[in-house]
Every structure is written in C-alpha cells, then in structure tokens.
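In: Return a 3D structure for these sequence lines:
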Amino acid sequence: MKKLASTLPNMILSLGLITISAGAALGGMYMLTKDKIAAQETEQRLTAIRQVAPPFTNDPVADSEKVEVGGLPFVVYPAFENGRFNGAAVEGVTMSGFSGEIVVMCGFDAEGDVVDYRVLRHAETPGLGSKMEEWFRDPAGARSVIGKNPAVTNFTVRKDGGDIDGITAATYSSRAFLEALRNAYEAYREIASANGLKLSGAGASGSDATSGASKQQVGSSDKSGSGDGRHERGRKNRQERGLHKERKGAEQ
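Out: The predicted model follows:
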C-alpha cells in the first residue's frame, strides 16, 4: 500500500479518522456499560435505604417524594410498617465539600432521630474528609449523630458553635456533611408533617438552609394494603396544600 504523502490535508484526514474511531469505541463502551452502571447505582441506593431506614413493609422507592431544600434536590423514601408511618430514608446532596459534591442517605425515625446514614458519593481527601462514613457514628466524644435529633442537637461543628465534633483537619468536609444532614431533616420534616407528625424545625444550625421546601411526588402511595387512615390523610393534606397555593397564586 502506497504511503500517503505528509501533506496538511492528509494529516487532517488521518487525525479525523483517528478521532472518529476513538469516538466510536468510547460510544460503544458507554452503551455496553451504562445499563450495568445504572443497575449498580440502583442497588446501592436500595441497600442504603434498607440500612438506614426504620422498619418498613411498604415499597419506599414507589412511595418516594422529591423535596427541594435550599435549591438542592432531596428524595424522601417513607417507611410505613403495616400502614403506620415509621420514619424515612432521605437521599440528599451538598455542594459544600472540600472537593464539591457529597451525596448522603440518612434515616430518621418517627420522632426525627437519626437512625443511621451512608455516604453514597464524594471526592473528599482520602484519610481526611473521607473519614465521614465512620467518624459521625463513632461514640467517642461528641462525634456521633446516631440517635440525635437536629431539632434538639445543633448539627454544626463545635468550631462553629455547634454540638458535633468535626473530623480532625477536615473542617470543610465536616461542615458539608452536617449541612447535608440538616437539610435532609428539613426534607423529612415536610413529609412527616404531611403524614400527621408535627416535628420541630432544625435549631439555629439549620436556619440558614430552610428557606422553604417544595415537594413533588414521584411515586404512588395508593397501594392496596400499604396505607392506613394516617397515610391517606397525609396524601389529602398534600393535595389540599397544593390547591391552597394555586388559589393564593390566582389571587395575587
């Protein structure tokens, strides 16, 4: 085969062919792996819900609701045990980490106490901010958030006047993690209120993150045998609040 002359058009042609081939290879790899990656993320989410939520007999994913807190998206996965509202797992995000985004899943019981949590995704410094998965459940000192309620305990680091010991040499990561939990509690409080529970708002620690929450139902709660009177009342209350907001908007 005759070698192409080293001219500018030939070089452009060669580079174009290489770029097209590389793009096709990457596209093919994406198509082969995207379903697997999505399945892994779904399984990770389901595992986290089971680990942090109080006992439930419903399908929290089917009954889930989206709530916006501080301009960020949260998803509340309610836990109903034999029709009784038992708490929820809340998936949320903060962009305040040392390296940006931190995604957490936090469980709350019916009183608003933290059942457990999982850090689903982060890019914090290994050996420092990355310790948040273990640090905030460590009973040493005032590190643990387990069993504590953001309405009673100030979920900010002690360096900022709060009640929780931050990770040594990782203050930014600690602040971000606790911010995510405060906001998760506010999202949870919206859903708990709709299901007949009146919980106090987060203390001074959470006042900067609770400028209002709007929610959107993303799963059906009307499954046969999955809700009692309280569950149904919660659904009606949400509908009534929506109608009230529409009337108020019309008046304005």
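
In: And P55, how close does it get to A79?
Out: 7 Å (Cβ to Cβ, to the nearest Å). Placement of C-beta: from N, CA and C, glycine included.

In: list residues touching both of the two?
Out: N86 (Cβ atoms under 8 Å, 6 or more residues apart in numbering).

In: Which one's more surrounded, those two?
Out: A79 (26 against 12; other Cβ atoms under 10 Å).

In: residue contacts, the nearest residue in space to A53 that is not next to it in sequence?
Out: Distances taken as Cβ to Cβ, 6 or more residues apart in numbering place A89 nearest to A53, at 4.0 Å, with adjacent residues excluded. A89 is in contact with A48, I49, V52, A53, P60, V76, Y77, A79, M105, C106, G107, F108, counting by Cβ under 8 Å, 6+ apart.

In: Helix, strand or coil: sort out the fifth one for me.
Out: Right, the one you point to is P60. Following DSSP: H, G, I helix; E, B strand; the rest coil, the label given to P60 is coil.

In: same check, this time on the last one
Out: Secondary structure assignment for F108 (three-state DSSP): strand.

In: longest helix of the protein?
Out: helix 8-52 (DSSP state H).

In: quick check, distance from it to the centre of its chain.
Out: Relative to its chain's centre, helix 8-52 lies at 25 Å (Cα atoms, centre = their mean, to the nearest Å).

In: re the thing from before, of the contacts of A89, just the buried ones, ChimeraX syntax please.
Out: Buried members of those, defined by 16 or more other Cβ atoms under 10 Å, are picked up in ChimeraX with:
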select :48,49,52,53,60,76,77,79,105,106,107,108
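
In: Take the contacts of A89 and lay them out in CSV including distance to N183.
Out: Formatted as CSV, the contacts of A89 follow (distance: Cβ to Cβ, whole Å):
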residue, distance to N183
A48, 17
I49, 18
V52, 16
A53, 18
P60, 19
V76, 12
Y77, 16
A79, 19
M105, 13
C106, 10
G107, 15
F108, 12
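
In: Wait, G196 touches R84, no?
Out: No - using Cβ atoms under 8 Å, G196 makes no contact with R84, being 10.2 Å away.
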